[in-house]
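Q: model this:
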Amino acid sequence: GTQMIVWGGINTAAHPYNSGGVYNPDLDSWAATSSAGAPDARTAHTAVWTGKEMIVWGGQSFPLDLPSIGGRYDPAKDSWLPTDTLAAPGTRYTHDAVWTGTEMIIWGGYGNPAGSFRLYGDGFGYCANPANPRARRWVSLGDSYSSGEGAGPDHYLAGTNLNRQNMCHRANTAYSQVASDSDFTLHASSFFACSGAKIENVLPKTNGGAPECFPPSIIGSCIPFNAPDSIPQLDHPELTNAELVTITIGGVDVGFGGALFACWAQADCRTYTPHNLSEDLNTFLPKNIANIGIHLENLFNILRKKAPQADIRVLGYPAFFPTDFTAQICPELSNACPPFFSFEAWSPAEQTWLNNLVPQLNNSIQQATQRAGVGFINVAETFKGHEICGPQGSWFVPPISSAYCWTKVWTDTRRLFHPTITGHTQ
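A: Model (predicted):
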């Protein structure tokens, strides 16, 4: 390949590590491997490279503990997944391991069965691409970036596009419904992500959570969505036995949707002060992003307790706009809505400002995942070049794409700036 990955080991004080680094010889630089979801600290383990992932297995902790679960590290995503324990051999250390091209074979090594040392004379194969992959209990949670909002009404699941009843807009083309994995049949059979969800709509009721709801027509209380969305997302019992939980959350809480619309409607949204705020957006949004981390950390800690067996993955958000000035003045972004308006919709300055807020939000999310001990997936890298008018083709529903933009802006605002079906399959 092009990089060297170092992981694990022990120091002079006999303290084992579960950290590592990726070395790029072309740049002569190191980058730390993610600690979220990493295997237990160990030494005397083995690591093989599959062409896509590093598989760590076996080894010894201190003083004589033998970790029973290995890990698969994907450097492209900087993320870990556990190796399957089904029919796994007894734990061992100083064994040998090779990658055949389709599976990892381990042989020999020392173990400590029943409290006595043993030298093993057997081996096992770990198949990274099983012919009959087993189903994985996957629960998909979060907001519109997980529900599949951008797919449109033709793809929304029955009962999730009913005005005044349920507008979760769960699509059969959302990433949780179309993802694939080498070791598992992946499909989120428990799909509770809901468009518009905030942190409070995910939190359990006992922790101050509440389901999404419609504002009252005239007077009265908020009207909760229909079942299964009549309860907060973390109150669903399917989490108890979940093996994988994915979630996107935080974008609605910090006010990104309102900022996008303000940048369309205002000459300069950065200096605009909405009627419900006492400060302009250039002050409010960065402050809101900085303050959301503690609330996300609390949510992720509660999620860990609700799904004690699960590998939890929190996805970040992609940037919406291209970085090149020429691309930023494309018709979809620069023309407000001819012939109704003639002003510039999203100016290059506004686009750059909004783009710069995305990594700030992702950083707040990632820091919260690290403090809570759950995984983070940076989807911004995957979407790079595929922004609206991006050089490699857009994976977003564009805000203005035809002469019918007046109708599009006012009646289809929920879908705008959301990943398309292609965006979810990627």
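Q: can you pull out the helices in this protein?
A: Assigned by DSSP state H, the helices in the chain fall at 144-147, 175-178, 199-202, 251-254, 256-265, 281-291, 293-306, 325-328, 331-334, 348-372, 379-383, 405-411, 421-425.
Q: Please name whichever of the ones you listed is nearest to residue 118.
A: Closest approach to residue 118 among the helices of the chain (C-beta to C-beta): helix 293-306, 35.5 Å. In short, each C-beta sits where N, CA and C put it, glycine included.
Q: Mind giving me the packing neighbours of the closest one?
A: helix 199-202, strand 311-315, helix 348-372 (3 or more C-beta pairs under 8 Å, 6 or more residues apart in numbering; DSSP states H and E).
Q: What does the pLDDT read for residue 411?
A: Among the per-residue scores, residue 411 shows a pLDDT of 48.
Q: how about a markdown table for the helices and strands packed on helix 293-306, with mean pLDDT added?
A: Output for the helices and strands packed on helix 293-306, formatted as a markdown table (pLDDT from 0 to 100):
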| stretch | mean pLDDT |
| --- | --- |
| helix 199-202 | 97 |
| strand 311-315 | 91 |
| helix 348-372 | 94 |
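Q: Switch these over to JSON lines; also include mean neighbour count and distance to residue 296.
A: Listed next are the helices and strands packed on helix 293-306 as JSON lines, based on neighbours: other C-beta atoms under 10 Å; distance: least, C-beta to C-beta, whole Å:
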{"stretch": "helix 199-202", "mean neighbour count": "21", "distance to residue 296": "7"}
{"stretch": "strand 311-315", "mean neighbour count": "22", "distance to residue 296": "8"}
{"stretch": "helix 348-372", "mean neighbour count": "19", "distance to residue 296": "4"}
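Q: Dump these to CSV, plus distance to residue 80.
A: As requested, the helices and strands packed on helix 293-306 are arranged in CSV below (distance: least, C-beta to C-beta, whole Å):
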stretch, distance to residue 80
helix 199-202, 23
strand 311-315, 8
helix 348-372, 12
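Q: right, and those - which one's nearest residue 102?
A: strand 311-315 (23.5 Å).
Q: Neighbouring strands - and their directions - for the closest one?
A: Paired neighbours of strand 311-315 in the sheet (DSSP bridges): strand 244-248 (parallel), strand 375-377 (parallel).
Q: Send me stretch 160-174 as CSV with only the CA atoms.
A: Extracted in CSV, the C-alpha atoms of stretch 160-174 (Å, rounded to 0.1, in the frame of the first residue of the first chain):
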residue,chain,number,x,y,z
THR,A,160,-44.0,8.1,7.3
ASN,A,161,-45.3,10.8,4.9
LEU,A,162,-48.7,11.6,6.4
ASN,A,163,-49.4,15.3,7.2
ARG,A,164,-50.5,15.8,10.7
GLN,A,165,-49.8,12.1,11.5
ASN,A,166,-46.2,11.2,10.8
MET,A,167,-43.5,13.1,8.7
CYS,A,168,-40.4,11.0,9.6
HIS,A,169,-39.8,10.4,5.9
ARG,A,170,-38.0,7.1,6.3
ALA,A,171,-36.8,6.0,2.8
ASN,A,172,-36.1,2.5,1.5
THR,A,173,-33.0,4.0,0.0
ALA,A,174,-31.5,5.4,3.2
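Q: what comes into contact with it?
A: Stretch 160-174 is contacted from outside by 140, 144, 146-153, 155-157, 159, 177, 191, 193-196, 212, 214, 223, 225-226, 229, 414, 421, 424-425, using C-beta atoms under 8 Å, 6 or more residues apart in numbering.
Q: how close does residue 384 get to residue 323?
A: From residue 384 across to residue 323, the span is 9 Å (C-beta to C-beta, to the nearest Å).
Q: got the buried residues for stretch 13-25?
A: 16, 18, 20, 22 (16 or more other C-beta atoms under 10 Å).
Q: Excluding chain neighbours, what is closest to the first one?
A: What that stands for is residue 16. residue 41 (4.0 Å; C-beta to C-beta, 6 or more residues apart in numbering).
Q: if I read this right, that neighbour contacts residue 14, doesn't it?
A: No - counting by C-beta atoms under 8 Å, residue 41 stays clear of residue 14, with 11.3 Å between them.
Q: so where is the stretch 51-200 of the chain shaky, pLDDT-wise?
A: Under the criterion pLDDT under 70, the flagged ranges of the stretch 51-200 of the chain are 62-68, 85-88, 90, 113-116, 128-136, 180-188.
Q: Now do the strands in it.
A: Assignment of strands within the stretch 51-200 of the chain using DSSP state E, counting those that start in this stretch yields the ranges 54-57, 71-74, 79-82, 96-99, 103-107, 110-111, 118-119, 123-127, 134-135, 138-142, 184-185, 190-191.
Q: can you tell me which residues contact residue 353?
A: Residue 353 touches 270, 282, counting by C-beta under 8 Å, 6+ apart.
Q: Can you tell me how far it is from residue 319?
A: Where residue 319 is concerned, residue 353 sits at a distance of 12 Å (C-beta to C-beta).
Q: Check the gap between residue 13 and residue 96 for me.
A: Counting by C-beta to C-beta, the gap from residue 13 to residue 96 is 28 Å.
Q: scratch that, residue 4
A: From residue 4 to residue 96 the distance is 20 Å (C-beta to C-beta).
Q: Same check on residue 350?
A: 58 Å.
Q: Likewise for residue 31?
A: 29 Å.
Q: Residue 313 now?
A: 32 Å.
Q: again with residue 79
A: 27 Å.
Q: before we move on, what about residue 282?
A: On the measure of C-beta to C-beta, residue 282 and residue 96 end up 59 Å apart.
Q: Over to residue 222?
A: Distance from residue 222 to residue 96, by C-beta to C-beta: 62 Å.
Q: same deal with residue 258?
A: Separation of residue 258 from residue 96 (C-beta to C-beta) stands at 58 Å.
Q: Roughly how far does the residue nearest to residue 382 when sequence neighbours are not counted sit from residue 395?
A: The shortest distance from residue 382 to any non-neighbouring residue, by C-beta to C-beta, 6+ apart, is to residue 426 (6.2 Å). Remark: distance between residue 426 and residue 395 (C-beta to C-beta) = 7 Å.
Q: what do these two both touch?
A: Residues touching both residue 426 and residue 395 by C-beta under 8 Å, 6+ apart: residue 386.
Q: So the two - more neighbours on which side?
A: Neighbours per residue, other C-beta atoms under 10 Å: of residue 426 and residue 395, the larger number sits with residue 395, 23 against 14.
Q: who's in contact with that one?
A: Contacts of residue 395 (C-beta under 8 Å, 6+ apart): 383, 386, 419-420, 422-423, 426.
Q: Kindly write the PyMOL command that selects the buried subset of the residues you listed.
A: Of these, the buried ones can be selected in PyMOL as follows, counting by 16+ other C-beta under 10 Å:
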select buried, resi 383+386+419+420+423
